[in-house]
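*Asks:* Predicted coordinates and the sequence they were generated for:
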Amino acid sequence: MIALVDYGAGNLTSVKKALTSLGAEFMVPDAPHQCADAAGLIVPGVGHFAATAALDASWREAIAGAVGAGTPLLGICVGMQWLYEGSEEAPEVPGLGLVPGRCRRLRGDAARRLKIPHVGWNALEVVRGANPSGSPGEPPPHRAGVRGGDPGERLAPRESRLLRGIPSGAHVYFTHSYAAPVTADCVASTTHAEPFAAAVERDLVFGVQFHPEKSGDTGLRILRNFLGMCQC
Amino acid sequence: MLTKRIIACMDVRDGQVVKGVQFQQLRHAGDPAALARRYNVEGIDEVVILDVTATLESRRALAQTIAAVAHEIFLPLTVGGGIRSEDDAAAAVDAGADKVSLNTAALANPGLITTLARRYGSQAVIVAIDAKRRAAGFGVYVRSGTADAARDAVEWAREAASRGAGEILLTSMDRDGTRAGFDCELTAAVADAVNIPVIASGGAGGLEHFAEVFTRGRADAALAASIFHYADTGVAELKRYLHARGIPVRLVGHWDLYEC
């Protein structure tokens, strides 16, 4: 069972529909403790970073605790931004902080007619390619290092499990004004006026800045890869 | 780089897709869900459902049609027609729309643009402008093209953007259904005036019309209805044509290259 975390912003309809079409069972938890029983956690999001304030300390502890106990977590759009320490969009609202870094407002470029918000189909530049020998159905081999701790204990960056089967140049659908910078955890970047993190992967924590539920077959494949990592 | 988007529009009346010429002579073009299924396979980038008679008959866009289409596609879906209030927009979003398109109501109550942009984000609010050439410039028409709004299209587009619209859906009434090509002058005039994406609509007849509107018309997206409904022009063929001319588009059908 996947727990789809609803914090009252945006619309869960599309994500639910995509999960249903992929044969996944899901529930929307009413209380933080329900996250502990989930095989996977998804934090969707459309809208303003400030809305994630609804995910208060009890939710953050429950979600981080589930990840620490081995449950994969996927953040979508604002849900991905929330995985970081925070965002310029609402500096007073803390993120989950499982991925280092802060999200920033995207820059446009009037001369090149690059507008903000960045809306539409753009290409993924896969930074860490798919692991040809791994299977998205395999449980992750290690669960250490997720809860912060000593960064030296982290595994060496391995190939992306989330983007298995997705080549560079695949197009996905974006609609956002803020994004995370390209850091060591970034597995795919996308360039508007400047490159930003399109997908992030740090142990069991995954995020996509685009909307996989609106990205046709490419998006469904990425969701399927995530579901394959959830033991459900 | 962001691609130029190809959008399929379904003008819906009583749950069926219809298509007219210059907003008149509506005829049936099929079942919305069946068309959506085909578009999804062919590689359309977005789908727009317009309940073409909703405003005239004071009906809301049919939630059932929206849900049936949303069930078929994993692509952005816009719904317009008869959205007059925050509640109408919420009904469309709850049924599965990602964006709503305002036309008559935005002119009558421009504050609605701002209200919806605050609630759903600007990216979810499209202002549709039905424009017609006049002696000087382009006029705006409302109520499915039946009433002159006595506004200038460029000036209204600018106001809509400043009030929070995320995109302009610009239809040339002169070209609608004629297959004579998009009105590139109209499109460029609006695209140059606003800092939000402009979707060109009305007049698509051949592949070259899309290339023109993306270059000379400076459109961010192009919308067509009848040429896609009757499968005169395949979406995949159109994408390949544009790609060959250096226009960035999302190509699909390369799944054989994907390692599974």
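*Replies:* Happy to help now that I have it. Residues are numbered from 1 along each chain as shown, chains lettered A, B, ... in the order given.

*Asks:* Please make it C-alpha for all contacts and neighbour counts, starting now.
*Replies:* OK.

*Asks:* Can you pull up the residues of chain B that come close to chain A?
*Replies:* B:1-3, B:5, B:40, B:45, B:71, B:73-76, B:93-96, B:120-121, B:123, B:195-197, B:250, B:258-260 (Cα under 8 Å from any Cα of the partner chain).

*Asks:* Please list the residues of chain A that sit near chain B.
*Replies:* A:10-11, A:13-14, A:17-18, A:46-48, A:115-117, A:119-123, A:164-167, A:171, A:175, A:191-192, A:213-217.

*Asks:* again, 7 Å this time
*Replies:* Contact residues, chain A versus chain B (Cα under 7 Å from any Cα of the partner chain): A:10, A:13-14, A:47, A:115, A:120-123, A:165-167, A:171, A:175, A:191-192, A:213-216.

*Asks:* residue contacts, B:Asn40?
*Replies:* By Cα atoms under 7 Å, 6 or more residues apart in numbering or on different chains, B:Asn40 lies in contact with B:Ile73.

*Asks:* Mind doing that once more with 10 Å?
*Replies:* Taking Cα atoms under 10 Å, 6 or more residues apart in numbering or on different chains, we find B:Asn40 in contact with A:216-217, B:46-47, B:72-75, B:235.

*Asks:* Give me the subset of these lying in helices.
*Replies:* Judged by DSSP state H, those include A:216-217, B:72, B:235 as members of helices.

*Asks:* can you redo those as CSV with pLDDT and neighbour count?
*Replies:* Below are the ones in helices among the contacts of B:Asn40 laid out as CSV (pLDDT from 0 to 100; neighbours: other Cα atoms under 10 Å in any protein chain shown):
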residue, pLDDT, neighbour count
A:Gly216, 93, 24
A:Asp217, 91, 21
B:Glu72, 88, 19
B:Val235, 89, 25
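
*Asks:* As a markdown table, those residues with distance to B:Ile83 would be great.
*Replies:* Converted to a markdown table, those look like this (distance: Cα to Cα, whole Å):
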| residue | distance to B:Ile83 |
| --- | --- |
| A:Gly216 | 27 |
| A:Asp217 | 31 |
| B:Glu72 | 23 |
| B:Val235 | 29 |
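
*Asks:* Most widely separated two among these?
*Replies:* Within those, two members stand farthest from each other by Cα to Cα: B:Glu72 and B:Val235, at 17.1 Å.

*Asks:* Which members of the residues of chain B next to chain A occur in strands, if any?
*Replies:* B:Arg5 (DSSP state E).

*Asks:* and B:Asp51, how far is that from B:Gly82?
*Replies:* As for B:Asp51, its distance to B:Gly82 is 7 Å (criterion: Cα to Cα, to the nearest Å).

*Asks:* Give me the buried subset of the residues of chain B next to chain A.
*Replies:* Neighbour counting with 16 or more other Cα atoms under 10 Å in any protein chain shown marks B:1-3, B:5, B:40, B:45, B:71, B:73-76, B:93-96, B:120-121, B:123, B:195-197, B:250 as buried within the residues of chain B next to chain A.

*Asks:* of all of chain A, which residue lies closest to chain B?
*Replies:* The minimum distance from chain A to chain B, using Cα to the nearest Cα, falls at A:Lys214 (4.2 Å).

*Asks:* Chain B: helices as residue ranges?
*Replies:* Assigned by DSSP H, the helices in chain B fall at B:32-42, B:63-72, B:86-95, B:104-108, B:111-120, B:153-162, B:184-193, B:207-215, B:226-229, B:235-244.

*Asks:* Which residue, other than its chain neighbours, is closest to the residue of chain A closest to chain B?
*Replies:* Distance criterion Cα to Cα, 6 or more residues apart in numbering or on different chains; nearest residue to A:Lys214, sequence neighbours excluded, is B:Leu75 at 4.2 Å.

*Asks:* Contacts only, for the residue of chain A closest to chain B.
*Replies:* Under the criterion of Cα under 10 Å, 6+ apart, the neighbours of A:Lys214 are A:14-15, A:18, A:121, A:172-174, A:220, B:45-46, B:73-77, B:98.

*Asks:* let's see 8 Å
*Replies:* By Cα atoms under 8 Å, 6 or more residues apart in numbering or on different chains, the contact list for A:Lys214 reads A:14, A:172-173, B:74-76.

*Asks:* and if you look at B:Gln64?
*Replies:* Contacts of B:Gln64 (Cα under 8 Å, 6+ apart): B:Ala95.

*Asks:* do A:Ile2 as well
*Replies:* Each residue near A:Ile2 by Cα under 8 Å, 6+ apart is listed here: A:24-27, A:38-42, A:232.

*Asks:* which residues does it bridge with?
*Replies:* Beta bridges link A:Ile2 to A:Phe26, A:Gly40 when assigned by DSSP bridges.

*Asks:* pLDDT score for it?
*Replies:* pLDDT recorded at A:Ile2 is 97.

*Asks:* A:Glu61: which element?
*Replies:* helix A:57-68 (DSSP states H and E).

*Asks:* For that helix, list every residue counted as buried.
*Replies:* Those would be A:59-60, A:62-68, for helix A:57-68 by 16+ other Cα under 10 Å.

*Asks:* Likewise for stretch B:36-43?
*Replies:* Quick answer for stretch B:36-43 (16+ other Cα under 10 Å): B:36, B:38-40, B:42-43.

*Asks:* and the closest residue to B:Val140 other than its chain neighbours, what pLDDT?
*Replies:* Distance criterion Cα to Cα, 6+ apart; nearest residue to B:Val140, sequence neighbours excluded, is B:Ala131 at 4.7 Å. At B:Ala131, the model reports a pLDDT of 97.

*Asks:* secondary structure class for A:Ala198?
*Replies:* Put simply, A:Ala198 is strand when judged by DSSP: H, G, I helix; E, B strand; the rest coil.

*Asks:* pretty sure it contacts A:Asp185?
*Replies:* No - at 10.9 Å, A:Ala198 does not count as touching A:Asp185 under the criterion of Cα atoms under 8 Å.

*Asks:* higher neighbour count, the two?
*Replies:* Each of A:Ala198 and A:Asp185 has its neighbours counted (other Cα atoms under 10 Å in any protein chain shown); A:Ala198 has more, 28 against 21.

*Asks:* Could you pull up the residues touching the more buried one?
*Replies:* Residues in contact with A:Ala198 (Cα under 8 Å, 6+ apart) are A:124, A:186-190, A:208-210.

*Asks:* quick one: it from A:Ile222, how far?
*Replies:* Noted for A:Ala198: a distance of 13 Å to A:Ile222, by Cα to Cα.

*Asks:* now A:Lys16
*Replies:* Per Cα to Cα, A:Lys16 is found 15 Å from A:Ile222.
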